[in-house]
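Novice: Provided below for reference: sequence and predicted model.
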Amino acid sequence: MLRISGETRPRRFSSSPAQVTGLVYSTYYSASVSAVNGVTEGESSNIVTQKTLLPGPLMVRFLFGDTYMNGTAVNSPSVTNCRLYRKGESTALLTGTVTAGVLRIYVLNNPNIIAGNEYDVRALDGNPNSPTSIPGMATTITAELPKLVLNPINSTTKAISGATEANGIVRINVDNVNRTTVTADASGQFSTISSSVTTNSLVKVEARVGNIYPKLIAVRVDSGTTAIPTLPERTLVEMESFLDVTKWQLQSGAGTSRSADTVNTKDIQSIKLTADKVIAFMRNTTFDIDVSTKTAYECRLYVADVTTLDKVIVYLANDTTLANNISFTINSYELVTGWNTVTVALGSGKITGTFTSTQSIKAMQVRVEPKIDAKADVSFDLVSSVQANKGNILFVFDDAWKEAQVGITSLESKGLRASIGVVEINETDSRFMTNAELKSLNLKGHDLANHTKDHPHLNTLSKADQRTQFDSCKAYLTTNSWTRANDATIYPYGDYNTDTLLALSEGMYRFGRTLTSGLEINTPVSNYLVRTYNLTPDRTVAMAKNMIDYAIQTGSTLVFLNHRLGTTEQMVDTMFWRSDWFEQLATYAKQKVDNQTASVITIADWLLQ
């Protein structure tokens, strides 16, 4: 029974909690409750006085990029402000105003406002600076992306059409060049003709909100599709965040140590493992983690100096003694000085004893092996499990050697495309593809990327000279209308230094590929340390096929690198890989495309995923 002051009859409820209707918002009520057993009523509770909450405001649809969140709240002298929260949280992110019932919250460029996220808006009852003010009921609003639909495009009509927000503006980009903006009609329909559209052009359309373009769709001309392949989906679950040093017992002896690292961390702390001329390893036996549905693992770590490091090994075990474990070796050539996020497929691990992923993980061990007579420091920041079932594959041919043509032809026969790293001066050298051959490749939809002006060792040049190398090649590619990947760079010999990264950033280049080996899980956009898998003679076709499987299991991107294709006898030159092996590899990749576990894309595709 609920007795409310001022009401002559108590209210009866058969369940708890109960919804009480008929009350007036922003009004104090006093009430008591009692329990009833049949016809017998128990003792009443103490009387509680409480003010009813303001109703949730009525919010206008919010598009990510809008300057304000707008709505209406109670029109009352006591309601002058409102607050914005992450959905379900009680700590306010922002305070807005309510003027005569009109609600506004300034959100432009606020890093807490993320596209797709949900937020609660509450009007405040009372002075916002007073501890007695009361947040009202919540209304949940989503930071929506604008509507955007793109129709298939063909090179005959050259029409680019689709739908966006009513009277919205879209920006049209053809082959990495912004061409025009178009305003949609009152129903959101837009259409334009672009003379820049040719067969296999890559068209990007972006919807504008305010002064930004938060939503894009890209499509290949004449493909008959409405979008390029989407980025592989990956589900990550944290296994260990290295926040408690006491759980990690040092297992190695003199010359090794472990300590909290509050500098090289992405959150609160990592744990630094030091190996001074000897192998260091530490173990945590406090786990009980189900990994039965996982396909891969991911490790975030900081390497103080990769030149002193030989390898890192991560062990996961079904027991605390590590008798039954799976281990993953990460070699120094798969790492760089500084931050690394490395993914390893379950199928790539080495099993000891009777380890099985169907049993829970009881222990984890990490091991650091330094180079001979060197001291290596590695800070471990996060280990996560991964669940994925699709990957990206790129086939890249550096330098545009004549012998790469056989591989490109193999891909074309399967409806697949390649990316070619073009050196500006090479087209006058008979060993490389001619201008006419490169033009033909571009028209077929292959990407021509920036491999510098004359293929120098970049780390021997000043920052200004490195910038000249990239800018000259970009201008050459642009002059020839090969613009799709003219700002995607490839480092000759894999050489680079901090000036390289600065030169690219200052020049607003979008991409930089190294020779660091491995699978890439980071976005390629403004990523100047993209990993690759170099198909040198010591890497067999079986190993290359395994890498495709690992890319699928990790949900990552695999960038294959070739220079020249030929015979077994030619593989005495490390620039060569067997052409029959490449045919087998391309066939295997096509099988994965057909069963929808992989997408074979180009660099330009990847940058738009």
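Specialist: Thanks, I have the structure now.
Novice: mind listing what's buried in stretch 4-20?
Specialist: Buried residues in stretch 4-20, counted by 16 or more other Cβ atoms under 10 Å: residue 10. Heads up, the C-betas are built off the backbone N, CA and C, glycines and all.
Novice: same check, this time on stretch 137-152
Specialist: 138-139, 141-150, 152.
Novice: average pLDDT for that stretch?
Specialist: Averaging pLDDT along stretch 137-152 yields 98.
Novice: Also stretch 547-558?
Specialist: Rounded mean pLDDT across stretch 547-558 is 99.
Novice: Only alpha carbons, please: show it as PDB.
Specialist: C-alpha atoms of stretch 547-558 as PDB (Å, rounded to 0.1, in the frame of the first residue of the first chain):
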ATOM      1  CA  MET A 547      49.300 -16.100 -44.300                       C
ATOM      2  CA  ILE A 548      46.000 -15.800 -46.100                       C
ATOM      3  CA  ASP A 549      44.400 -18.100 -43.600                       C
ATOM      4  CA  TYR A 550      46.000 -16.100 -40.800                       C
ATOM      5  CA  ALA A 551      44.600 -12.800 -42.200                       C
ATOM      6  CA  ILE A 552      41.100 -14.400 -42.200                       C
ATOM      7  CA  GLN A 553      41.500 -15.700 -38.600                       C
ATOM      8  CA  THR A 554      42.700 -12.300 -37.300                       C
ATOM      9  CA  GLY A 555      40.400 -10.100 -39.400                       C
ATOM     10  CA  SER A 556      43.500  -8.200 -40.600                       C
ATOM     11  CA  THR A 557      44.900  -7.000 -43.900                       C
ATOM     12  CA  LEU A 558      47.700  -8.900 -45.700                       C
END
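Novice: what is residue 30 paired to in the beta sheet?
Specialist: residue 49 (DSSP bridges).
Novice: That one: neighbour count?
Specialist: The tally of other residues near residue 30 (other Cβ atoms under 10 Å) stands at 12.
Novice: Show only the entries of the buried residues of stretch 137-152 found in strands.
Specialist: 139, 141, 142, 148, 149, 150 (DSSP state E).
Novice: Pull the contacting residues for residue 247.
Specialist: Taking Cβ atoms under 8 Å, 6 or more residues apart in numbering, we find residue 247 in contact with 284, 286.
Novice: How about the backbone phi and psi for it?
Specialist: Reported as degrees, to the nearest 10, the phi and psi values for residue 247 are phi -80, psi -10.
Novice: measure it to residue 540 for me?
Specialist: The gap separating residue 247 from residue 540 is 41 Å, by Cβ to Cβ, to the nearest Å.
Novice: Give the burial count for residue 456, as a bare number.
Specialist: Counted with other Cβ under 10 Å, the neighbours of residue 456 add up to 15.
Novice: Equivalent analysis for residue 580, please.
Specialist: Count around residue 580 with other Cβ under 10 Å applied: 15.
Novice: what about it, is that helix, strand or coil?
Specialist: helix (DSSP: H, G, I helix; E, B strand; the rest coil).
Novice: Tell me the confidence at it?
Specialist: 98.
Novice: Nearest to the spatial middle of the chain, which residue is it?
Specialist: residue 523 (5.1 Å; Cα atoms, centre = their mean).
Novice: can you map out the helices along the protein?
Specialist: Under the criterion DSSP state H, the chain contains helices at 405-412, 435-443, 463-479, 498-506, 541-554, 579-594, 603-608.
Novice: Determine which stretch of those helices is the most buried.
Specialist: Of those, the one with the most neighbours on average (mean count of other Cβ atoms under 10 Å) is helix 603-608, at a mean of 25.
Novice: Distance from the chain centre to that helix, please.
Specialist: Centroid separation for helix 603-608 versus its chain: 13 Å, with Cα atoms, centre = their mean, to the nearest Å.
Novice: Which strands or helices does that helix pack on?
Specialist: If you count contacts as 3 or more Cβ pairs under 8 Å, 6 or more residues apart in numbering; DSSP states H and E, helix 603-608 packs onto strand 202-209, strand 212-220, strand 391-398, strand 447-450, strand 485-490.
Novice: Show me what it is in contact with.
Specialist: Contacts of helix 603-608 (Cβ under 8 Å, 6+ apart): 175-176, 202, 204, 216, 218, 228-229, 392, 394, 396, 419, 447, 449, 484-485, 488, 510-511, 524-525, 557.
Novice: Low-confidence ranges, the chain, go.
Specialist: The model of the chain has no residue with pLDDT under 70.
Novice: how long is stretch 234-245 end to end?
Specialist: 29 Å (Cα to Cα, to the nearest Å).
Novice: which of the residues in it are buried?
Specialist: Under the neighbour-count criterion of 16+ other Cβ under 10 Å, stretch 234-245 has 234, 236, 239, 240, 241, 242, 245 buried.
Novice: can you redo these as a markdown table with distance to residue 281?
Specialist: Below are the buried residues of stretch 234-245 laid out as a markdown table (distance: Cβ to Cβ, whole Å):
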| residue | distance to residue 281 |
| --- | --- |
| 234 | 28 |
| 236 | 25 |
| 239 | 18 |
| 240 | 15 |
| 241 | 19 |
| 242 | 15 |
| 245 | 15 |
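Novice: Let's see which of the residues you listed end up in strands.
Specialist: Using DSSP E, the subset of the buried residues of stretch 234-245 located in strands is 236, 239, 240.
Novice: quick one: which of the residues you listed is nearest residue 384?
Specialist: Of all these, the one with the least separation from residue 384 (Cβ to Cβ) is residue 236, at 4.5 Å.
Novice: Quickly list what the closest residue to that closest one other than its chain neighbours is bridged to.
Specialist: Once flanking residues are discounted, residue 236 sits nearest to residue 384: 4.5 Å by Cβ to Cβ, 6 or more residues apart in numbering. For residue 384, the beta-bridge partners under DSSP bridges are residue 238, residue 298.
Novice: Quick one: neighbours of residue 384, just the number.
Specialist: By other Cβ under 10 Å, 20 other residues sit near residue 384.
Novice: From residue 341, how far out is it?
Specialist: From residue 384 across to residue 341, the span is 10 Å (Cβ to Cβ).
Novice: hey, what's in contact with both of the two?
Specialist: With Cβ under 8 Å, 6+ apart as the test, residue 384 and residue 341 both reach residue 298.
Novice: Residue 133 touches residue 95, doesn't it?
Specialist: No - judged on Cβ atoms under 8 Å, residue 133 makes no contact with residue 95 at a distance of 10.7 Å.
Novice: separation between the closest residue to residue 364 other than its chain neighbours and residue 196?
Specialist: Residue nearest to residue 364 in three dimensions, not counting chain neighbours: residue 284, with 5.1 Å by Cβ to Cβ, 6+ apart. Counting by Cβ to Cβ, the gap from residue 284 to residue 196 is 57 Å.
Novice: And residue 420, by the same measure?
Specialist: Distance from residue 420 to residue 196, by Cβ to Cβ: 21 Å.
Novice: now residue 22
Specialist: Distance of residue 22 to residue 196, given as Cβ to Cβ: 65 Å.
Novice: thinking again about what came up before, more neighbours: which of residue 420 and residue 196?
Specialist: When residue 420 and residue 196 are compared for neighbours, residue 420 comes out ahead with 28 against 17, by other Cβ under 10 Å.
Novice: for the more buried one, what are its contacts?
Specialist: Neighbouring residues of residue 420 by Cβ under 8 Å, 6+ apart: 396-398, 400, 404, 408, 433, 438, 441, 446-449.
Novice: Among the helices of the chain, which comes closest to residue 58?
Specialist: helix 603-608 (37.6 Å).
Novice: Could you pull out the strands in the stretch 301-450 of the chain for me?
Specialist: 309-317, 325-331, 338-345, 350-352, 363-370, 375-387, 391-398, 419-422, 447-450 (DSSP state E, counting those that start in this stretch).
Novice: Out of these, which gets nearest to residue 529?
Specialist: Nearest to residue 529, of all these, is strand 338-345, at 8.7 Å by Cβ to Cβ.
Novice: Which positions in the closest one come out as buried?
Specialist: 339, 340, 342, 343, 344, 345.
Novice: Tell me the one of those nearest residue 185?
Specialist: Distance to residue 185 across the buried residues of strand 338-345 (Cβ to Cβ) is lowest for residue 343, with 45.9 Å.
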